[in-house]
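K.L.:
turn this into a model:
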Amino acid sequence: MAGSSALYSLGTRGPDNLYPRRDNRVRREALLGAAAASTASLVSNPFDTVRARMQLSDSGGLCSRGGASIRSPLHAMELVVRKEGAVALWRSLPEAVVYNAVLNSVRFSLYSALTVSAAQSSHMEALPKPVGGFVAGCIAGAIASPIAKARTAAQRGPTDSRSSALVDTIRHRPFSGASSWALRNGGHTGIIFSTYEGLNRGFSTSLSGLPPISHSLLASLCAATISCVLMNPLDVISTRVFAQSSPQPALAGARSFGPAGFAPLGCCTGLCMPMPATAHYSSPVDCAVKLVASEGVAALWKGLGANLARIVPHTAVTFAIVESLRPRLARS
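P.N.:
Sure, this is the predicted structure:
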């Protein structure tokens, strides 16, 4: 695949085609990011739902007393399906598709503008790839944070409300928690994009006998794993802050949905509960301090298994689609 050794091929600089090429590239990256990531969310959404449930519970999905512990994200998924039906894993899909389309159209296009197009311009200086990724991710995360907040609300479980989670969120402090979500996405984008590009270039040299798409898959798997492990604490904090500031309508069938409802399953009752009533966070830092004080440092890595099961294939599918479609769009 032409240009697959790097996330963005700089092309040839020239005064006659500099600005049209840059503008076209930024628009293409916006389209590619939106299409690829929203498609990938169709695959990753069930694990994202489990990830949110485990991060929101006061036990992280693990019982310390009474009942069997949740053994894995797959086990947690099985319990959710048994109690609420398979539809529960896809309840937040509309919000997830819209969120990924908005987030990735902004961050792919901004990353291109800040790191690639800027390098071709005599009017601005290109940012280092990790810095450009961080800036692009922060801006994209802030813009898309109301949709992410709505997704978290939808993932918490069935409610008696007839309005959508997105409508409820827009009505109720839509940008509350946006700062932590912006930092979370800035970190993810800076790590994933820069690591992916470096590894993809390295694999194209060291594994030149393999098809170019395999270089992209290997690079994206490694980059996503590194980012997920490093950024999971901020992911937990952001999810908690989002859930706290979201509208909290009565849970549908609350008497069977809460702890008593999970007792017959012989499993941890915290898996699908809303935020603990005693939790109140004035800021992301306050959330981190209270979380560690009440649940230990390990609480910052709640839902890591489900997060890996979501982010790794999601990132691999996203970049595979991007690398496959980019040459075709460039020729059109």
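K.L.:
the nearest residue to V135 once chain neighbours are set aside: how many residues sit nearby?
P.N.:
Distances taken as CB to CB, 6 or more residues apart in numbering put L114 closest to V135, at 6.2 Å, once the chain neighbours are dropped. Every residue, glycine included, has its C-beta placed from N, CA and C. Neighbour count of L114, defined by other CB atoms under 10 Å: 23.
K.L.:
test my guess that L114 contacts K129.
P.N.:
No. Judged on CB atoms under 8 Å, L114 makes no contact with K129 at a distance of 9.3 Å.
K.L.:
could you point out which element follows the helix or strand containing G198?
P.N.:
Using DSSP states H and E, G198 maps to helix 178-206. Using DSSP H and E, the helix or strand that follows helix 178-206 in sequence is helix 212-245.
K.L.:
what angle separates that following helix from helix 178-206?
P.N.:
On the basis of axes from the mean of the first three to the mean of the last three CA atoms, to 10 degrees, helix 212-245 is oriented at 170 degrees to helix 178-206.
K.L.:
pull the distance from helix 212-245 to the chain's centre.
P.N.:
Chain-centre distance of helix 212-245: 7 Å, with CA atoms, centre = their mean, to the nearest Å.
K.L.:
circling back: contact partners for the residue nearest to V135?
P.N.:
By CB atoms under 8 Å, 6 or more residues apart in numbering, the contact set of L114 is 126-127, 132, 135-136.
K.L.:
highest neighbour count among those residues?
P.N.:
Neighbour count (other CB under 10 Å) singles out A136 as the most crowded of the contacts of L114, with 26 neighbours.
K.L.:
buried residues, stretch 178-186. List them.
P.N.:
Residues 178-186 are the ones in stretch 178-186 that count as buried (16 or more other CB atoms under 10 Å).
K.L.:
and that stretch, average pLDDT?
P.N.:
On average, the pLDDT along stretch 178-186 is 93.
K.L.:
can you get me the centre-to-centre distance for it and its chain?
P.N.:
On the basis of CA atoms, centre = their mean, stretch 178-186 is displaced by 11 Å from the centre of the chain it belongs to.
K.L.:
contact partners of stretch 171-180?
P.N.:
141-142, 145-146, 149, 234, 237-238, 241-242, 244-247, 284, 287.
K.L.:
ends of that stretch, how far apart?
P.N.:
Start and end residues of stretch 171-180 are separated by 20 Å (CA to CA, to the nearest Å).
K.L.:
repeat that for stretch 168-185.
P.N.:
Counting by CA to CA, you get 23 Å between the two ends of stretch 168-185.
K.L.:
tell me what the strand or helix carrying A154 is packed against?
P.N.:
Here A154 sits within helix 129-155, counting by DSSP H and E. Applying 3 or more CB pairs under 8 Å, 6 or more residues apart in numbering; DSSP states H and E, one finds that helix 129-155 contacts helix 18-56, helix 93-111, helix 165-171, helix 178-206, helix 212-245.
K.L.:
winner for burial among the ones you listed?
P.N.:
Mean neighbour count (mean count of other CB atoms under 10 Å) peaks for helix 93-111 among those, with a mean of 23.
K.L.:
tilt between that helix and helix 129-155?
P.N.:
Going by the same axes, to 10 degrees, helix 93-111 makes 170 degrees with helix 129-155.
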